[in-house]
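Undergrad: Sequence below, structure please.
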Amino acid sequence: MKIQCSELDDLLFDASPLAMETAARHAEGCAECAAKLAAWNDISDTARSMRTSWDNDMLWPRIERALVKERQSERQRQRSRTKWLWQVAAGLILTLGLGSTMFYALRTQTRDAAFDRDILRLSAMDEVERAERTHIEAIKRLERVAEAKLDDAQTPLMVSYKEKLMLLDDAIAECQANIEQNRQNAHLRKQLLSMYTDKQETLMDVLREDDHVSNQ
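TA: All right, here's what the predicted structure looks like:
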């Protein structure tokens, strides 16, 4: 079987006995192909000399043990990661629990403090109102004593006292109505106290004026 030089590479890649024999016959008459065949044979001889045989019966058991060890290590790493995740979750739960407890405690403390402040404020308010009632009762008793003198006002001064007391009564009534809508308004209570004090002093002036006239 004759071949062309261009077909030599195909025969060498085939490497079958028939292909190699055909290539050798062609190389006998072609120096270029003979050199290529010789180089190919050298490469093949070198490759065969580097081939290693694995006849050790312990090789696969070692490989198997290595694979088992690797799987065990992977499971251990997985357990470690799982344990770490549980620890993180437990820490978060504990933190949230403590935070909720502290929030509830602070909220309870704040609520109790607000309740105490309300109690104290109401107690103070009751005390103020009791003092006001006592003061008003004293003024009413003084007013009853001066009432007859005011009804029989003869002098311009007594008439002036009577008109002033009427104006004060109107202002006191208006202030009391405003306080009913806002019992904790300290400013209104100060105004009310000031008006009651002015009324008390005016009534005392009325009584003194009557005594002064009698002495004359």
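Undergrad: switch to C-alpha atoms for all contacts and neighbour counts from now on
TA: OK.
Undergrad: gap between the helix or strand encompassing D169 and the chain center?
TA: D169 is part of helix 156-181 when elements are defined by DSSP states H and E. How far helix 156-181 lies from its chain's middle: 57 Å, per Cα atoms, centre = their mean, to the nearest Å.
Undergrad: other SSEs contacting that helix?
TA: Packing contacts for helix 156-181, counted by 3 or more Cα pairs under 8 Å, 6 or more residues apart in numbering; DSSP states H and E, involve helix 59-151, helix 186-215.
Undergrad: Let me know which of those helices is tucked in deepest.
TA: Mean neighbours per residue, mean count of other Cα atoms under 10 Å, is largest over the helices and strands packed on helix 156-181 for helix 186-215, with a mean of 15.
Undergrad: what about I172, neighbour count?
TA: Neighbour count of I172, defined by other Cα atoms under 10 Å: 19.
Undergrad: where does this structure dip in pLDDT?
TA: Applying pLDDT under 70 to the chain flags residues 1, 47-64, 66-67, 104-105, 108, 112-126, 128, 210-216.
Undergrad: Name the residue most distant from the centre of this structure?
TA: G29 (94.2 Å; Cα atoms, centre = their mean).
Undergrad: Assign that residue to helix, strand or coil.
TA: Of the three states, G29 takes coil under DSSP: H, G, I helix; E, B strand; the rest coil.
Undergrad: And this protein, split by domain according to the record?
TA: The chain breaks down by automatic domain parsing into domains covering 5-49, 123-215.
Undergrad: Can you check which of the ones you listed gets nearest to S100?
TA: domain 123-215 (33.8 Å; Cα to Cα).
Undergrad: now the closest one: how far from the chain's centre is it?
TA: 57 Å.
Undergrad: will you turn the helices and strands packed on helix 156-181 into a markdown table that also has distance to C175?
TA: Output for the helices and strands packed on helix 156-181, formatted as a markdown table (distance: least, Cα to Cα, whole Å):
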| stretch | distance to C175 |
| --- | --- |
| helix 59-151 | 13 |
| helix 186-215 | 6 |
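Undergrad: So for L157, which of those helices sits nearest?
TA: helix 186-215 (8.8 Å).
Undergrad: C33 contacts C5, correct?
TA: Yes: in this structure C33 lies within contact range of C5 using Cα atoms under 8 Å: 6.8 Å.
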